[in-house]
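In: missing the sequence, but the structure's below:
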């Protein structure tokens with residue numbers, strides 16, 4: 001038997017493979033959790049950005065128009081019809097979607113009218129007469145974003 005033999009034994013090889021497998025398993029689990037967390041946070045950020053876009057769109061309509069009407073269509077999406085001058089509002093005015101993405105708006109409240117996912121009365125808003133209380137609740141996948149705001153318009157008496 002020679003004492004200067006080089007190499008590894010079967011036991012050393014199995015021990016090394018077990019350690020490498022353990023480290024790889026831990027790394028894979030950490031990466032998997034990270035990817036899932038990233039997907040959830042990306043969805044939530046996108047949902048928050050869309051909620052901000054909806055509020056900005058409604059705020060702009062509130063500032064620019066004498067009246068506008070909000071409703072939910074058959075696809076349960078938020079729709080708006082604007083009229084810049086209440087005395088000359090064309091009968092051909094149509095509703096347009098506030099945002100292109102499909103969301104669940106259940107429990108959204110506009111001036112006290114609560115959308116329950118079913119029927120919802122058209123809400124006519126007259127910015128020169130009243131503020132508009134809005135609780136926007138949008139849901140997508142497992143995320144929900146709620147934005148509570150009041151749409152206001154300063155009336156200066158000048159046109």
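Out: It's in. No experiment lies behind these values; they were computed from the predicted model shown.

In: Let me see the mean pLDDT of stretch 109-123.
Out: Rounded to a whole number, the mean pLDDT of stretch 109-123 is 90.

In: Now do the buried residues in it.
Out: 110, 115, 120, 123 (16 or more other CB atoms under 10 Å). Bear in mind the C-beta positions are built from the backbone N, C-alpha and C, glycine included.

In: would a markdown table of those with secondary structure and distance to residue 94 be doable?
Out: A markdown table is the format used below for the buried residues of stretch 109-123 (DSSP: H, G, I helix; E, B strand; the rest coil; distance: CB to CB, whole Å):
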| residue | secondary structure | distance to residue 94 |
| --- | --- | --- |
| 110 | strand | 19 |
| 115 | coil | 20 |
| 120 | coil | 18 |
| 123 | strand | 17 |
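
In: if I look at residue 70, how far off is residue 114?
Out: Per CB to CB, to the nearest Å, residue 70 is found 13 Å from residue 114.

In: related to what we said a few turns ago, now, which of the buried residues of stretch 109-123 sits nearest residue 74?
Out: Of all the buried residues of stretch 109-123, residue 74 sits closest to residue 120, with 11.4 Å by CB to CB.

In: OK, contacts around the closest one?
Out: 71, 72, 113 (CB atoms under 8 Å, 6 or more residues apart in numbering).

In: Mind telling me what element the first one is part of?
Out: Secondary-structure element containing residue 71, defined by DSSP states H and E: strand 67-72.

In: Who are the packing partners of that strand?
Out: Applying 3 or more CB pairs under 8 Å, 6 or more residues apart in numbering; DSSP states H and E, one finds that strand 67-72 contacts helix 10-64, strand 78-83, strand 123-125.

In: The residue nearest the centre of the chain and residue 99: what is the separation?
Out: Compute the mean C-alpha point of the chain, and by CA atoms, centre = their mean the closest residue is residue 47, 2.0 Å away. To residue 99, residue 47 is 11 Å away according to CB to CB.
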